[in-house]
Every structure is written in structure tokens, then in C-alpha cells.
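S.K.: The sequence and its predicted three-dimensional model are supplied below.
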Amino acid sequence: MSGIIWKDLNFRRSSGEERIVCPYCSHERKKQNMKDLAVNHDKGLAHCHHCGRSGSREPYKEYSLPPQGWENHTSLSDKFVKWFEGRGIYQKTLQECKISEERAYIPANQQEMNCVSFNYFYKGQLVNKKFRSADKKFTQIKGARKVFYGIDDLTEDTAYIVEGEMDKLSMWQVGVKNCISVPNGANDLTEVFENCDVSHIKNWIIAVDMDEKGKDLEHELLKRFGRHNCKRVNFIGKDANDDLQGGYLLKSISKATEYPVEGSVTADDYQSDILQYIKNGPRKPLMSGIEGMDDFFNTLPGQFNLITGIPGHGKSNFLEWYILNMCLNNNHKVAFFTPEHGSTSDHLVTLLEKVVGKTADPKYPSHMKETEALDGINWLKNHVRHLEYKGEGRPTAEWILRKFSEHVKVYGTEHFVIDAFNKMGVEVGNLSSIASVLSDLALFCQQHQVSVWLVAHPTKMRKKEKSEYYEVPGLYDVKYSGDFADQIHNALTVYRDFENGNLTRVYVLKKKMRHQSGQVGLATTFEWEGGSGRFRHSQQKNTGGSFVTDTQKTVFDEPEEPLFDGGHVGDLPF
């Protein structure tokens with residue numbers, strides 16, 4: 001019996017509990033309107049009492065709650081109030097924003113200190129406390145739910161987002177209440193977006209700090225919200241509190257500017273980028289850390305990439321190895337849409353072998369230990385997600401792109417893999433449909449500054465003259481359409497050279513920017529390690545990084561028996 005898919009459910013509310021008609025079993029019953037499916041929106045759980053299916057919006061996690069007696073600490077001392085007044089924030093704002101004065105243990109100072117307590121509420125409940133000492137050291141409730149500060153204040157469809165609690169209070173001080181703050185500066189926001197529903201906000205005004213960390217946060221927020229939904233406040237000082245103290249906060253926020261509309265910009269809109277290029281050179285390509293690869297080929301954020309190769313030559317294996325190392329080297333995340341691999345659990349085993357560097361098959365003496373597997377699973381949990389389609393028929397390209405967009409917004413995912421193109425539900429004989437899908441994928445990359453890797457099979461290849469071996473596929477050998485050559489930015493072919501030592505040769509078919517590594521038509525050579533699914537460059541070992549521990553950098557020790565039978569086609573797992 002399959003589980004419940006959250007998006008299949010027809011809700012009447014977004015919080016609390018309700019009962020609805022089960023979309024999976026109601027059509028089988030005489031009374032089709034029976035509401036047997038119980039939903040708890042706050043916990044993100046659903047269960048049908050008739051067919052027994054259960055499911056969740058996200059894996060449910062229990063959070064620690066701070067003591068709920070925050071009101072016991074709202075008697076503020078004169079010294080405390082004057083400290084805030086020195087920053088332009090007055091007692092009325094402190095009371096309305098439920099600021100309290102408490103003693104808390106500050107780990108950085110290794111002592112209990114008198115602190116400001118920023119009380120985090122979500123749906124009326126106190127879910128977290130953030131303590132700030134006078135010397136600007138912070139701590140929070142261990143295991144508490146991470147939410148935006150001020151999330152319950154979002155009552156309109158246009159909202160401001162700032163970088164700190166003091167900035168949120170500063171906005172409140174001048175009458176701007178529809179405002180939230182990120183809880184931990186420009187650090188990872190994935191858990192916060194998972195815990196908070198801000199889908200009702202149609203327009204965002206980004207009012208983060210004007211320093212480098214603020215720019216990083218701005219980039220992350222634009223990626224999740226979309227530039228067309230955002231405006232930007234350019235402060236005269238560093239942040240909202242600086243401008244409040246200077247007396248010009250209202251002036252600054254009244255001059256929030258639109259982000260450039262795509263297709264309608266001037267050089268002035270990108271002056272800072274141009275000057276940055278002149279000073280420091282072009283944008284730095286993304287590096288995988290793989291020996292023999294980065295000097296040969298690399299990519300840039302926002303690029304659409306293609307990988308092709310004859311079936312059985314290892315294109316999926318190489319791409320997985322490359323992307324996993326890309327995530328490791330840059331602390332990035334990847335989402336896979338890989339119906340060609342069968343079940344998600346089988347594909348995760350394939351990825352786990354690459355992460356740990358050992359086979360998962362217990363019949364071989366050097367297979368991975370359970371402790372190694374658990375370490376590898378933990379790494380995968382934090383960096384890899386899969387798209388699973390549970391609907392009727394085949395998934396459409398529109399469904400895939402919608403899910404990719406959700407991954408960018410909620411998880412901040414930087415890389416997406418589609419393996420393979422013929423599984424996207426595209427009408428393969430319809431050239432205009434193929435061109436449209438490829439164009440949408442390229443635009444998705446550029447809009448969100450993420451990378452998409454598309455696996456596409458070649459046409460039936462010709463054999464070399466007087467040989468049983470096939471020629472290397474080129475860019476115009478890709479099945480279905482010549483639009484692949486036109487729409488993608490970069491392309492590789494993975495070719496298993498059975499004729500010369502069974503080596504894996506990776507050819508550059510196309511690269512977009514001149515400062516990217518590689519020359520079209522040239523190849524770099526790897527050896528495939530059957531047990532681990534890893535590749536090593538030429539005679540080099542330790543290709544790529546260490547996902548878990550330094551001891552796992554060594555290559556897989558080959559078992560006494562070969563892992564796979566020999567052969568020219570079909571001897572690599574997909």
C-alpha cells in the first residue's frame with residue numbers, strides 16, 4: 001500500500017486539525033463523501049482510518065519548547081530600557097514585541113549573564129528563545145524549532161525581511177510591522193523555510209545588511225523568492241538599526257527599488273558587477289575537487305549541462321560521482337529525478353557506495369561496515385534529495401520544473417539531475433515540444449542561478465571502420481532533436497574505451513564561456529572502480545574528496561572475484 005502524498009489532499013484549512021475525503025479509497029466506497037482521512041496541519045501528519053494510508057508533509061520532528069512563562073521576565077530594568085533607547089528603540093516597542101530580560105548561560109563566555117531575550121512565537125506559541133549578552137554573544141534553546149523572528153506578524157501579502165532581531169525591532173519602531181528577521185544571519189535557511197509557511201506573501205522587500213554577508217543572504221533570498229517578486233532597500237548605513245539611529249530609516253525604506261526586470265536592464269543596473277569583473281576577473285567556475293577534472297572541465301552557476309554516452313559506458317555513474325564531489329567541495333545540495341534507476345532506495349545504495357568508497361554487497365569481504373553506512377547515509381541526508389512521482393501516468397516536464405523550483409525555495413538546492421530526458425513525459429516526436437522544454441530548463445537555470453544536468457541517450461551509433469567498437473558520440477548524435485546542441489551551455493560524452501585498456505574517457509563537446517576550463521574535442525581519462533562506483537584519474541588514486549572521514553579516501557580494495565561480468569555493453573550499473 002502506498003503512502004499519502006501531501007499535495008494530493010484537498011484541504012479546507014491550513015492549520016489545526018480537520019477530516020477530509022481520502023482521494024485514494026473514496027471512489028471504491030458506496031458512500032464516497034465519508035471524511036475518514038484525519039489531518040494535523042501543525043504536525044504535518046495525515047492518516048486515513050478506512051484504507052490505512054499515512055503520510056506527512058515532511059518527516060515529523062519533535063522540537064523542544066522553552067518554558068512558557070516568558071511574561072514573568074517582562075519587568076524591564078532601567079538599564080535594560082536605556083540600552084535599547086541608545087539604539088533608537090523604545091519601551092513601547094519592547095513590550096509590543098514581547099522582549100524580556102532574563103539571565104542565561106552564554107557558552108562563549110562560560111558563565112550565566114543578564115541577557116536580552118528575543119522570544120520567537122509561531123502560531124501564538126513560544127517555540128524558541130534567542131539570548132543576547134551585552135557583549136553581543138548569542139545562544140538559543142537547544143533542540144527548539146527554528147522559525148523566522150516575527151513570523152506571526154505577517155498579516156499582509158507584502159512583507160519586509162531583515163537580517164537580525166534588532167533590525168526587526170527598528171522597523172517596528174517606525175511603524176513597519178509586517179516584517180520578519182532570519183534567525184541566524186546569512187547561514188543556512190533550509191530548516192527555517194521547512195518550518196514556516198510564507199506562501200501567502202506575494203511581494204518581498206529585502207532589507208538585509210549592506211555588507212558582504214548581507215549580499216550572500218540577499219542572493220539566497222532572491223533564489224528562493226524570485227527576483228520578480230522582490231524589491232531591495234539600500235540603507236544609508238549598514239542596516240536598519242543604523243538608519244534608525246541616524247534618523248533616516250523611513251526615508252531608506254520608502255525608496256525600495258525594483259530588481260531589474262529580465263530583458264529590460266541597463267549598464268547602470270549591473271555597474272557593480274562590471275567593476276567587480278574589471279577588478280577581480282570573471283566569475284570563478286565551480287570546482288569538483290576531482291583530480292584531472294577541474295583543469296579539464298568546469299561549470300558556472302546558472303548553466304544548463306548535458307551528458308551523453310552509449311548505453312553501458314557509465315555516463316550515469318560518472319555524472320553521479322562528479323555531482324557528489326561538487327556538493328562535497330562546495331557544501332552544495334543536489335536533487336535527482338532518476339526513474340531510469342528503478343527504486344529510490346536502489347539508487348541511494350549506488351550513491352552510498354560512492355560516498356563511502358566500498359561496495360554495499362555483503363558477499364564481498366571488503367564491503368562497508370554498518371557504521372560506515374550510517375555515516376554515509378547522514379552525509380546523503382544533508383546533501384541529496386530525490387523526486388518521486390506517485391501520480392497517474394508519466395510525470396510531465398511542468399511537474400518536474402515545479403518540483404525543482406520548490407527545492408530551490410525550501411532547501412536552497414544548487415544542482416539538479418534528470419536521468420534521463422526520455423523519462424520527462426515529453427512527446428519525443430514533437431520537435432517544438434522538445435525545444436520548449438529545453439528552453440524552460442535553460443531559463444530555470446538562469447533565473448535561479450542553479451545548474452541542471454540532463455542525461456540524454458545518443459542515436460544508434462556507427463561502428464568504427466573494420467572494428468567491433470563504436471565511435472564516440474558527438475553533440476549532434478543526441479536522440480530526438482538538434483535543439484540539444486543549441487540550448488545547452490556545456491556538454492560531455494562519457495565513452496568506455498574497450499579497445500585500449502577498458503578506460504573511461506570523458507570528452508568536452510561544448511563549453512559556454514571562454515574562461516571555463518577545457519577544449520572542445522579533447523578528453524580526460526579515468527579508471528572505474530567497480531566496487532565503489534568511483535573513478536580515478538589515470539594512475540592517480542584519491543580522486544575526489546573524502547565525504548565522511550580521512551580513512552575513506554583510499555580506493556576500494558578489489559575483491560577476489562570481479563563485481564561484474566565483463567562485456568562491451570551493459571556491464572555498468574545505471
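M.R.: On my side now, so go ahead.
S.K.: show me what contacts the residue nearest to P23 when sequence neighbours are not counted?
M.R.: Nearest residue to P23 in three dimensions, chain neighbours excluded: D8, at 5.2 Å (CB to CB, 6 or more residues apart in numbering). C-beta coordinates here come from the backbone N, C-alpha and C atoms, glycine included. Each residue near D8 by CB atoms under 8 Å, 6 or more residues apart in numbering is listed here: P23, Y24, K390, G391.
S.K.: Does the last one belong to a helix, a strand or coil?
M.R.: Taken by DSSP: H, G, I helix; E, B strand; the rest coil, the conformation at G391 corresponds to coil.
S.K.: Now stretch 322-333: average pLDDT?
M.R.: What stretch 322-333 shows for mean pLDDT is 92.
S.K.: Same check on stretch 68-80?
M.R.: 83.
S.K.: residue ranges for the strands of the stretch 401-550 of the chain, please.
M.R.: Secondary structure of the stretch 401-550 of the chain (DSSP state E, counting those that start in this stretch): strands at 415-419, 451-455, 490-497, 503-510, 523-529, 534-537.
S.K.: possible to save the ones you listed as a markdown table with mean neighbour count and mean pLDDT?
M.R.: Converted to a markdown table, the strands of the stretch 401-550 of the chain look like this (neighbours: other CB atoms under 10 Å; pLDDT from 0 to 100):
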| stretch | mean neighbour count | mean pLDDT |
| --- | --- | --- |
| strand 415-419 | 25 | 92 |
| strand 451-455 | 24 | 92 |
| strand 490-497 | 23 | 89 |
| strand 503-510 | 21 | 88 |
| strand 523-529 | 20 | 85 |
| strand 534-537 | 24 | 86 |
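S.K.: So which of these is nearest F296?
M.R.: strand 523-529 (4.3 Å; CB to CB).
S.K.: May I have the strands that pair with the closest one, each with its orientation?
M.R.: Within its sheet, strand 523-529 is paired with strand 503-510 (antiparallel), strand 534-537 (antiparallel), according to DSSP bridges.
S.K.: now the helices for the stretch 251-400 of the chain?
M.R.: 271-280, 315-330, 344-356, 370-383, 397-411 (DSSP state H, counting those that start in this stretch).
S.K.: Give me whichever of those is most buried.
M.R.: helix 315-330 (a mean of 23; mean count of other CB atoms under 10 Å).
S.K.: got the angle for it vs strand 490-497?
M.R.: 130 degrees (axes from the mean of the first three to the mean of the last three CA atoms, to 10 degrees).
S.K.: For helix 315-330, enumerate the helices and strands it packs against.
M.R.: strand 304-308, strand 334-337, helix 344-356, helix 370-383, strand 415-419, strand 451-455, strand 490-497, strand 534-537 (3 or more CB pairs under 8 Å, 6 or more residues apart in numbering; DSSP states H and E).
S.K.: can you do 7 Å?
M.R.: Applying 3 or more CB pairs under 7 Å, 6 or more residues apart in numbering; DSSP states H and E, we find helix 315-330 packed against strand 304-308, helix 344-356, strand 415-419, strand 451-455, strand 534-537.
S.K.: Nearest to the spatial middle of the protein, which residue is it?
M.R.: T413 (1.5 Å; CA atoms, centre = their mean).
S.K.: so who does that residue touch?
M.R.: Taking CB atoms under 7 Å, 6 or more residues apart in numbering, we find T413 in contact with K333, V334, A335, H407, V450.
S.K.: what do you get if the cut-off is 10 Å, keeping everything else the same?
M.R.: 190, 223, 327, 332-335, 383-385, 404-407, 448, 450 (CB atoms under 10 Å, 6 or more residues apart in numbering).
S.K.: Same question for T74.
M.R.: Applying CB under 10 Å, 6+ apart, the residues near T74 are L94, Q95, K98, I99, S100, E101, E102, S117, N119.
S.K.: sec struct for the residue lying closest to the third one once chain neighbours are set aside, please.
M.R.: On the basis of CB to CB, 6+ apart, the spatially nearest residue to K98 that is not a chain neighbour turns out to be N119, at 5.0 Å. When the structure is split into helix, strand and coil by three-state DSSP, N119 lands in strand.
S.K.: Throw the strands paired with strand 523-529 into TSV and include distance to M166, thanks.
M.R.: Formatted as TSV, those follow (distance: least, CB to CB, whole Å):
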stretch	distance to M166
strand 503-510	49
strand 534-537	48
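S.K.: quick one: which of the ones you listed is nearest W399?
M.R.: Nearest of the strands paired with strand 523-529 (CB to CB): strand 503-510, 28.0 Å.
S.K.: Point out where the stretch 301-450 of the chain drops to low pLDDT.
M.R.: 425, 427-430 (pLDDT under 70).
S.K.: What distance do you get for the nearest residue to L352 once chain neighbours are set aside to V356?
M.R.: In space, and not counting its chain neighbours, L352 is closest to G376: 4.9 Å by CB to CB, 6+ apart. Counting by CB to CB, to the nearest Å, the gap from G376 to V356 is 4 Å.
S.K.: Equivalent analysis for E96, please.
M.R.: Counting by CB to CB - E96 and V356 are separated by 53 Å.
S.K.: what does E163 give?
M.R.: 38 Å.
S.K.: what's the answer for V478, then?
M.R.: Taking CB to CB, one finds V478 at 33 Å from V356.
S.K.: do D243 as well
M.R.: 51 Å.
S.K.: which among the contacts of T74 end up buried?
M.R.: L94, I99, S100, E101, E102, S117, N119 (16 or more other CB atoms under 10 Å).
S.K.: Regarding the fourth one, what is its secondary structure?
M.R.: E101 carries the three-state label strand when classified by three-state DSSP.
S.K.: That one against Q95, yeah?
M.R.: No: taking contacts as CB atoms under 10 Å, E101 lies outside contact range of Q95: 11.9 Å.
S.K.: what residues do these two have in common as contacts?
M.R.: T74, L76.
S.K.: Spatially nearest residue to N490 (excluding sequence neighbours)?
M.R.: N305 (4.7 Å).
S.K.: my guess is C22 meets S54, correct?
M.R.: No: distance between C22 and S54: 11.2 Å, which falls outside the contact criterion (CB under 10 Å).
S.K.: who touches both of those two?
M.R.: Common neighbours of C22 and S54 (CB under 10 Å, 6+ apart) are I4, L37, A38, A46, H47, C48.
S.K.: Mind picking the two most distant members of these?
M.R.: I4 and A38 (10.9 Å).
S.K.: For the closest residue to V520 other than its chain neighbours, name its beta-bridge partners.
M.R.: In this structure, V520 finds its nearest non-sequential neighbour in V508, 5.3 Å apart by CB to CB, 6+ apart. Bridge pairing for V508 (DSSP bridges) gives the partners L492.
S.K.: Can you report phi and psi for F80?
M.R.: phi -60, psi -50 (degrees, to the nearest 10).
S.K.: Enumerate every residue touching it.
M.R.: Contacts of F80 (CB under 10 Å, 6+ apart): Q91, L94, I99, S100, E101, N114, C115, V116, A134.
S.K.: can I get the residues you listed in a markdown table with distance to D78 and pLDDT?
M.R.: Conversion of those to a markdown table gives the following (distance: CB to CB, whole Å; pLDDT from 0 to 100):
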| residue | distance to D78 | pLDDT |
| --- | --- | --- |
| Q91 | 10 | 94 |
| L94 | 13 | 94 |
| I99 | 15 | 93 |
| S100 | 16 | 92 |
| E101 | 11 | 91 |
| N114 | 13 | 90 |
| C115 | 17 | 91 |
| V116 | 15 | 92 |
| A134 | 15 | 86 |
